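K.L.:
structure for the following, please:
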Amino acid sequence: MMQSQSLLPSWPSDNVFSSTIDNQFEPFGLHFHGCDSSEISSISHFSTMFSGEIFPYPDCDDLLLQDFSVPLEGLESMLTDRIEDLYNCLDDSTQDSSLSQLPQSQDVWSPSPSTRSSGSMQSSLTLTGEAMEIDNRLSIFHLLKAYGEATENNQTELAEVVLRCASEKGSPVGETWERVAFNLSQDIQNQSDYLVQESSKNFEAAFRVFYQMFPYGRFAHFSANSAIIEAMPSDADMLHIVDFDIGDGIQWPPLIEAMACQQKALRLTSIRWGEEDLGRSPWRFEDTRSQLCAHARSFGLNLKVDEMGIEDLVNELNKMKKQGGSGTREWLAFNCMVGLPHMGKSKGRKLVNRFLNAAKEALSRNKGIITFGDGDAYEKQTGFGTFFDGQLMHYNVVLESMESNFSKQLVQARMAMEHLFVAPNICAQVLVQKWKDMNETGHFEAGITLEGLKVSRERLMEAKEIVREGDNSYEVSIGGNYLALEWRGTTLVRISCWRN
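P.N.:
Purely as a prediction, here's the structure:
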């Protein structure tokens with residue numbers, strides 16, 4: 001395996017973290033102090049963002065908290081003022097009695113020294129507020145569970161009523177379950193559209209900050225890249241990467257540099273899904289290709305980047321095999337990343353399985369590897385209710401892990417990132433469609449033609465360094481052929497690898 005210093009090269013700065021850092025992050029109210037900007041790696045389109053040493057993980061203690069300057073002023077009060085009593089939405093007779101049993105006498109609420117000290121009064125108010133927050137969370141949790149059960153039983157009208165009630169308890173500035181409820185009911189929330197529109201005005205800056213602050217993408221990309229380099233035979237002349245969803249290409253610069261160091265040829269094929277892909281990518285393939293090729297040239301590598309349909313690619317490979325090859329010892333790497341938070345709305349599972357099955361077919365005739373990064377809570381479930389519960393628990397944990405990196409004063413910056421990158425996958429309609437796709441396509445089976453690539457100790461230790469395990473609640477676990485990023489015991493991202 002290549003050493004980490006080869007896979008994690010230094011990068012020329014594009015001044016994102018230079019003297020202009022305050023201007024770059026001003027739309028998000030993020031200002032870094034107490035550190036020399038020259039010690040922080042750049043967040044260009046092609047930053048490594050893999051090593052804790054090369055790319056320091058920013059601490060919120062280093063942030064000077066200032067107002068979030070995007071035009072979201074007044075949004076918090078506008079949304080939270082709309083929260084009404086949940087039980088009134090269902091049935092007045094079903095109201096929880098816990099709040100009504102709270103002390104209401106003058107002894108509790110009077111500031112008179114003869115009854116309660118000012119400290120006791122403040123304590124009572126705090127306890128009352130905490131009780132209301134707990135009651136709200138429990139209400140949301142049970143409502144969402146009821147929605148899942150109603151949908152599973154095809155009780156459409158009841159499901160709609162329950163979802164509307166949950167939306168009344170949801171808030172983009174509340175606790176994690178309140179934010180889950182708000183995002184779940186996006187289709188009936190006018191404010192959600194407003195949030196997306198305003199947040200999108202700063203998309204590129206948000207993407208760079210998101211990729212830097214959170215380890216989801218960096219962990220997945222490093223795990224896949226290191227597996228490819230580790231498994232690639234030394235006698236291969238060219239590495240041919242086939243990418244399921246290339247996006248802005250941020251995964252590939254470290255691997256480009258590694259191939260340049262090994263003096264190997266490199267071809268990168270992006271799969272074009274056309275009308276089958278219902279999601280709209282914010283990235284243009286032409287721009288991504290231009291940036292990747294320019295980066296490769298700076299390292300003396302002549303990179304070929306093309307785009308084609310998956311069937312066209314398989315046909316090309318089969319034709320080349322029948323003709324005896326191109327004379328170059330080509331080694332294939334089929335890379336599929338899906339559901340990683342920085343990628344926004346996930347591509348459908350039908351496309352994922354179609355890509356993986358095509359990769360398996362291609363590797364039945366050619367040498368190579370499949371790297372599959374899954375940031376979704378995609379476990380086998382017997383019904384929509386349990387599937388829905390698992391999805392919500394997964395995204396609740398994602399929001400919790402994100403919140404741990406933000407100070408409370410940066411709530412609007414966090415809101416912008418949540419609505420750009422996480423919220424698109426929590427929408428009720430998206431989850432229903434995901435369930436349908438899962439039932440139609442099932443899970444990918446590697447079969448007998450492929451074997452799992454065992455996780456080496458070197459890859460495991462490097463992955464632990466990336467997420468700074470021990471300094472926070474992130475952990476890295478292994479299971480045969482996969483590496484998993486966890487948050488307090490719940491899996492966030494899993495990278496599985498197979499080769500022939």
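K.L.:
can you confirm Phe334 is in a strand?
P.N.:
Yes: Phe334: assigned to a strand according to DSSP: H, G, I helix; E, B strand; the rest coil.
K.L.:
and the closest residue to it other than its chain neighbours, how far is that from Tyr395?
P.N.:
Nearest residue to Phe334 in three dimensions, chain neighbours excluded: Ala359, at 3.6 Å (CB to CB, 6 or more residues apart in numbering). Every C-beta, even on glycine, is put in place using the N, C-alpha and C of the backbone. Using CB to CB, to the nearest Å, one obtains 28 Å as the distance from Ala359 to Tyr395.
K.L.:
just Lys408 next, same as before
P.N.:
Remark: distance between Lys408 and Tyr395 (CB to CB) = 21 Å.
K.L.:
which one's more surrounded, those two?
P.N.:
Higher neighbour count among Lys408 and Tyr395: Tyr395, with 24 against 8, using other CB atoms under 10 Å.
K.L.:
what about that one, which SS state?
P.N.:
Secondary structure assignment for Tyr395 (three-state DSSP): helix.
K.L.:
where does the closest residue to it other than its chain neighbours fall, phi/psi-wise?
P.N.:
Excluding the flanking residues, the one nearest Tyr395 by CB to CB, 6+ apart is Ile426, at 5.1 Å. Ile426 has phi and psi values of phi -100, psi -10 when expressed as degrees, to the nearest 10.
K.L.:
and Ile426, what does it touch?
P.N.:
Residues in contact with Ile426 (CB atoms under 8 Å, 6 or more residues apart in numbering) are 180, 183-184, 186, 391-392, 395.
K.L.:
restrict stretch 175-191 to CA atoms and write it as PDB.
P.N.:
Written as PDB, here are the backbone C-alpha positions of stretch 175-191 (Å, rounded to 0.1, in the frame of the first residue of the first chain):
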ATOM      1  CA  GLU A 175     -33.900  20.400  18.700                       C
ATOM      2  CA  THR A 176     -32.900  17.700  16.200                       C
ATOM      3  CA  TRP A 177     -36.300  15.900  16.200                       C
ATOM      4  CA  GLU A 178     -38.000  19.200  15.600                       C
ATOM      5  CA  ARG A 179     -35.800  19.800  12.700                       C
ATOM      6  CA  VAL A 180     -36.500  16.300  11.400                       C
ATOM      7  CA  ALA A 181     -40.200  17.000  11.600                       C
ATOM      8  CA  PHE A 182     -39.800  20.300   9.800                       C
ATOM      9  CA  ASN A 183     -37.800  18.800   7.000                       C
ATOM     10  CA  LEU A 184     -40.100  15.800   6.700                       C
ATOM     11  CA  SER A 185     -43.000  18.000   5.900                       C
ATOM     12  CA  GLN A 186     -41.200  20.200   3.300                       C
ATOM     13  CA  ASP A 187     -44.000  19.800   0.800                       C
ATOM     14  CA  ILE A 188     -46.500  21.700   3.100                       C
ATOM     15  CA  GLN A 189     -43.900  24.200   4.400                       C
ATOM     16  CA  ASN A 190     -43.600  27.500   2.500                       C
ATOM     17  CA  GLN A 191     -40.700  28.400   4.700                       C
END
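K.L.:
run a quick neighbour tally on Asn439.
P.N.:
For Asn439, the tally of surrounding residues (other CB under 10 Å) stands at 12.
K.L.:
give me every residue that touches it.
P.N.:
For Asn439, no contacting residues are found, by CB under 8 Å, 6+ apart.
K.L.:
for it, give its distance to Lys321.
P.N.:
Counting by CB to CB, the gap from Asn439 to Lys321 is 35 Å.
K.L.:
what's the answer for Leu143, then?
P.N.:
As defined by CB to CB, Leu143 lies at a distance of 56 Å from Lys321.
K.L.:
these two: who's more crowded?
P.N.:
Just comparing Leu143 and Lys321: by other CB under 10 Å the higher neighbour count belongs to Leu143, 24 against 12.
K.L.:
residue contacts, that one?
P.N.:
With contact taken as CB under 8 Å, 6+ apart, Leu143 is in contact with 86, 162, 165-166, 169, 181.
K.L.:
again, but for Val338
P.N.:
Val338 sits next to 244-245, 346-347, 352, 373-376 when contact means CB under 8 Å, 6+ apart.
K.L.:
which member of those is positioned nearest Ala463?
P.N.:
The shortest separation between Ala463 and any of those is 12.4 Å, and it belongs to Gly373 (by CB to CB).
K.L.:
mind listing the strands for the chain?
P.N.:
Across the chain, reading from the start of the chain, the strands by DSSP state E fall at 238-243, 265-271, 303-308, 330-338, 368-374, 451-452, 474-478, 482-487, 490-499.
K.L.:
between those, which one is nearest to Glu465?
P.N.:
With respect to Glu465, and counting by CB to CB, the nearest of the strands of the chain is strand 474-478 at 9.4 Å.
K.L.:
buried ones in that closest one?
P.N.:
Of the residues in strand 474-478, those buried under the neighbour-count criterion (16 or more other CB atoms under 10 Å) are 474-476.
K.L.:
pretty sure Ser477 is touching Gly489, no?
P.N.:
No: in this structure, Ser477 sits apart from Gly489 without contact. The criterion is CB atoms under 8 Å, and the distance is 9.3 Å.
K.L.:
check what pLDDT Asp81 gets.
P.N.:
On the pLDDT scale, Asp81 is placed at 38.
K.L.:
I'm done for today, thanks for sticking with me.
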